[in-house]
Structure formats: structure tokens, C-alpha cells
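**Student:** let's see this in three dimensions:
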Amino acid sequence: MNTNTGTESSTGTSTGTSMTTDSKAGTVTGRTTGRKRTTGRKGDTATKATAVAVASPPGFREALAFEWTKYAGLRSTVWTTVSVALVTVVGAVFVGLTDSLQPDDTVLGGSLTLSVVALMIAGVVGALTVCGEYSSGSIATTLAAVPRRGRVLAAKAVLLAGVLSVVGLVSCTVAYLLGDAVLDGSRAQGEPLPALFGIGALFAVVGVLGLAIGTVVRHAAGAVTAVVGFLLLPSLFGPLLGDLQRWVVGATPTAALEKLTQTSDAGPEVVGSLGAWPSLALVTAYTAVAAAGAALVLRRRDA
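**Tutor:** Numbers count the residues shown, from 1 in each chain. Presented below is the predicted three-dimensional model:
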């Protein structure tokens, strides 16, 4: 009997030991499972963060870089931009060599005689920047890459303003210097500073105005016609408006340019009595309104 009891005690001890071992194994297994679950949660979090990073739209800098790549890679916009500078400079040389000026014209005004044509070309550049994408169908790719349409239009506007302001300022400065070297020294110089900076700013504003018109019209021929008509027609039909001529013509970018260049054609009876800088501010104000309207149209209309 003592032997059996001893055996039973040994068996009980072994059983207890097994239960203890199983309990420890269960604890270890539970801890391991818990760790695996924790690792899984961290992996899910990392995956979600990666997905959010991929899905986030490009910022303004990326959108501006996209626009610069397209602008520099399109020959039509590049050569049209180059023509803005060439027209102004060649016009200064031509006027200087032929001395085809009014008696009361200044050197600044005479040298920048063809700057009106260059200003129209700047507006055409703005229109072609967006109309070219509509005609080729690449506007859909642009809006897919940058879903925020207002950001796309803002990037185009900033790019145009920067490029055209530099082109306008440099070309008009070179034209003035060439005109001063070629024209008769007996003529009044005018006040090139700060007028030249205002002219560069006006080129930028007209480029953005062309962009707004192109965004609404979408067709290159129609947009170019609208830009040239807006800049040119008020001056052509102004004499038919009587007393309203100075109000209608004086609010145009062409009138602001004539005032800044101090040409003899910028008489108050033709372009109004508003000064050069207030005229520039007026053109900038309604260009900003036009750009805002174009952004609204771009958001609501299909590509």
C-alpha cells in the first residue's frame, strides 16, 4: 500500500509538472501571439501612411515645375515669347534709323513705338499657354496629374507673369538704349525710370489676361482674336464714341502702355486724364477679376 501511494504521489507530481509546463507554454504562446498582433497593427499603420502619401496631390511647386516643363518644351509658346522681345528691339532700331517720330515725342516713347504690338503678342502667349493643351487634349493629363484645378491655373499665371515681366523689362530697356544711341540727341529723353518697371509689369498682367480669356474660350483662334480685339479695337473705334472715348480707351492696357512710355499719342482727350500708374492698377484689378472668373469656369466645366 505504501508503494502504491508513492506511485500515485509521483504520478500526481508529474501531472502537476505537466500542467505547469502547459501553463507556461500557454503564457509564452499568448505573449507571442500578442506580439504578432502588435506587429500587424504597425504594418497596417505604415501601409495606410504610404497610401496617404501616394494619394496626396502635388503641391504648388510641383505644379509650377510641370508648367515650366510644358512651356519650355512647346515651340509655339517659346518662339512667340521670343517675338515679344524682337518686335520691340527691331522697332526701336527702325524708328531710330528712319527718324519717323512726332516732333514732341521723347526718346523713350519713340524707341518703344512697337511695344504696343509686343504687348498684343504677350496676350497671345497667355492664351496659347492653355489653348494649346485644349487643342492637343493634354489638358486632361494635366488635370489628372494636378487634380486641384485652381492650382493649375495659378501655376500657369505665376509662370507667365514671371517670364513676360522679365522679357518685357529687358527688351524695352534694350530698345530704349538702342533708340537713345540712334536717335537725334536733341530730343527729350523722357523718364525711363521707373516707367520701364511698370511696362514690364504690364506685359505680365496682359499675359495673365490672355490666359484668362484662353481658359474661357478654349479655342486658340477664338482666344487670340479676343485678346487682339480687346487691346486694339477700343483705340480704333474710340473716335466714334465722342466724349466716351477717353473713358473707354483710357481703361485699356494699350492706354496704360502709352502713358508709361510717355508717347505723344497719350493725350488726355484720347486716353483720359488718369495717370500711368493708376491706369496700370486698374488693368491689374480687372485682370485679377477675369482670372478668378476663369478659375471658376475651369472648376465647373469638364476638360
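**Student:** where does Phe94 fall, secondary structure wise?
**Tutor:** Element membership for Phe94 (DSSP states H and E) is helix 75-98.
**Student:** can you list contacts of that helix?
**Tutor:** Around helix 75-98, the neighbours that count as contacts under C-beta atoms under 8 Å, 6 or more residues apart in numbering are 71-72, 100-101, 110-115, 117-118, 121-122, 124-125, 128-129, 132, 163-164, 167-168, 170-172, 174-176, 178-179, 181-183, 203. Yep, even glycine has a C-beta here, placed from its N, CA and C like the rest.
**Student:** any of the residues you listed buried? List them.
**Tutor:** 71, 101, 110-115, 117-118, 121-122, 124-125, 128-129, 132, 163-164, 167-168, 171-172, 175-176, 178-179, 182-183, 203 (16 or more other C-beta atoms under 10 Å).
**Student:** how near is Leu114 to Gly179?
**Tutor:** 11 Å (C-beta to C-beta, to the nearest Å).
**Student:** repeat that for Gly214.
**Tutor:** Taken as C-beta to C-beta, the span from Gly214 to Gly179 is 33 Å.
**Student:** cool, Gly222 as well?
**Tutor:** Gly222 is 36 Å from Gly179, by C-beta to C-beta.
**Student:** what about the helices in the protein?
**Tutor:** 2-55, 60-73, 75-98, 107-111, 115-136, 139-145, 149-182, 192-217, 220-237, 245-250, 253-261, 268-271, 276-300 (DSSP state H).
**Student:** quick one: contacts of the last one?
**Tutor:** It stands for helix 276-300. Residues from elsewhere that reach helix 276-300 (C-beta under 8 Å, 6+ apart): 149-150, 152-154, 157, 195, 198, 201-202, 205-206, 208-209, 211-213, 215-216, 250-253, 255-256, 259-260, 262, 271-272, 274.
**Student:** tell me which helix or strand of this structure sits lowest on mean pLDDT?
**Tutor:** helix 2-55 (a mean of 42; mean pLDDT, DSSP states H and E).
**Student:** and the gap between the closest residue to Gly150 other than its chain neighbours and Ala256?
**Tutor:** Sequence neighbours aside, Ala295 is the residue nearest to Gly150 in space, at 5.0 Å (criterion: C-beta to C-beta, 6 or more residues apart in numbering). Distance, Ala295 to Ala256, by C-beta to C-beta: 24 Å.
**Student:** more neighbours, the two?
**Tutor:** Ranked by neighbour count (other C-beta atoms under 10 Å), Ala295 and Ala256 place Ala256 first, with 31 against 19.
**Student:** wait, the more buried one sits on Leu202?
**Tutor:** Yes. Counting by C-beta atoms under 8 Å, Ala256 does reach Leu202; the two are 5.9 Å apart.
**Student:** got any ranges where this protein has weak pLDDT?
**Tutor:** 1-55, 303 (pLDDT under 70).
**Student:** again, only this time at 80
**Tutor:** 1-57, 99-100, 102-104, 184-187, 264-265, 267, 269, 302-303 (pLDDT under 80).
**Student:** buried ones in stretch 256-269?
**Tutor:** Quick answer for stretch 256-269 (16+ other C-beta under 10 Å): 256-263, 265-266.
**Student:** for these, give me TSV that also has distance to Arg299.
**Tutor:** Listed next are the buried residues of stretch 256-269 as TSV, based on distance: C-beta to C-beta, whole Å:
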residue	distance to Arg299
Ala256	30
Leu257	32
Glu258	36
Lys259	36
Leu260	35
Thr261	38
Gln262	42
Thr263	41
Asp265	41
Ala266	39
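**Student:** could you list the residues in contact with stretch 143-155?
**Tutor:** Contacts of stretch 143-155 (C-beta under 8 Å, 6+ apart): 57-58, 60, 62-64, 66-67, 142, 211, 215, 291, 294-295, 298-299, 303.
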